[in-house]
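Trainee: just coords:
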């Protein structure tokens, strides 16, 4: 399924790349770490002792930068990303050595993140520049997987989310995003950028398990090419 996910991403990016070359825009390739801050419902599973915790994710992909004037830019992109959480089972009886009872499960959901943003070059001196950026992001669900560690230490993987949790994984996620693009020119046609960001979700990854998502944050490092 990873090959299918990457094929979907390349299918989306290829026409954008051709369009960027014809229009002589900026193209960036990069990836980074995503840190999620979930608040879980107190007792989403009836009559079951449990504990939830967040897991961090990652994103990798491509973006295009274009604009009407030198200081004003618009960006669009597509990033393959992984989001999820961990469920720790607290059984009333010991399950040590029981291959049929899980000790913990990790839910991982694969998405394509599609950000659209407005950037303004606030500082630009010599080869160094800083651009605040604000925009929105839509995430499209590709696949959900669950990885469980059983009582005997064995691992089981499945693309069917456990019926025990009554999970309802979103097909689409919507969010607002603020970032600060810090760029350093490597040459006249290339620069590297570090982009710390904060994301506010408008809906939840799993509406049956997650109560709210106050803020997500992280950073993306990318290599950007100026197509002259």
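Mentor: That came in fine, so what should we check first? This is a predicted model, so every value here is computed, not measured. Residues are numbered from 1 along each chain as shown.

Trainee: Quick one: residues contacting the closest residue to residue 186 other than its chain neighbours.
Mentor: Among residues not flanking residue 186 along the chain, residue 192 sits closest, at 6.1 Å (CB to CB, 6 or more residues apart in numbering). Every residue, glycine included, has its C-beta placed from N, CA and C. When the contact criterion is CB atoms under 8 Å, 6 or more residues apart in numbering, the partners of residue 192 are 183-184, 186, 221-224.

Trainee: Doesn't residue 192 lie inside a strand?
Mentor: Yes: residue state for residue 192 (DSSP: H, G, I helix; E, B strand; the rest coil) corresponds to a strand.

Trainee: do you know how far it is from residue 211?
Mentor: 39 Å (CB to CB, to the nearest Å).

Trainee: partners of residue 113 in the sheet?
Mentor: Under DSSP bridges, the beta-bridge partners of residue 113 are residue 79, residue 139.

Trainee: Break down this structure into its strands, ranges please.
Mentor: Listed in chain order, the strands of the chain (DSSP state E) span 26-35, 39-40, 50-54, 57-66, 72-89, 102-120, 123-125, 128-150, 155-158, 172-187, 190-201, 210-212, 216-226.

Trainee: Identify all contacting residues around the second one.
Mentor: Taking CB under 8 Å, 6+ apart as the criterion, the residues outside strand 39-40 that touch it are 52, 85, 209-214.

Trainee: Which strand residues bridge the residue nearest to residue 186?
Mentor: residue 184, residue 223.

Trainee: Just the pLDDT for it.
Mentor: Predicted confidence (pLDDT) at residue 192: the value is 94.

Trainee: The nearest residue to residue 26 once chain neighbours are set aside and residue 85: what is the separation?
Mentor: Nearest non-adjacent residue to residue 26, counting by CB to CB, 6+ apart: residue 65, 3.8 Å away. Counting by CB to CB, the separation of residue 65 from residue 85 is 33 Å.

Trainee: which stretches of this protein have low pLDDT?
Mentor: 1-24, 44-49, 68-69, 92-99, 159-165, 228 (pLDDT under 70).
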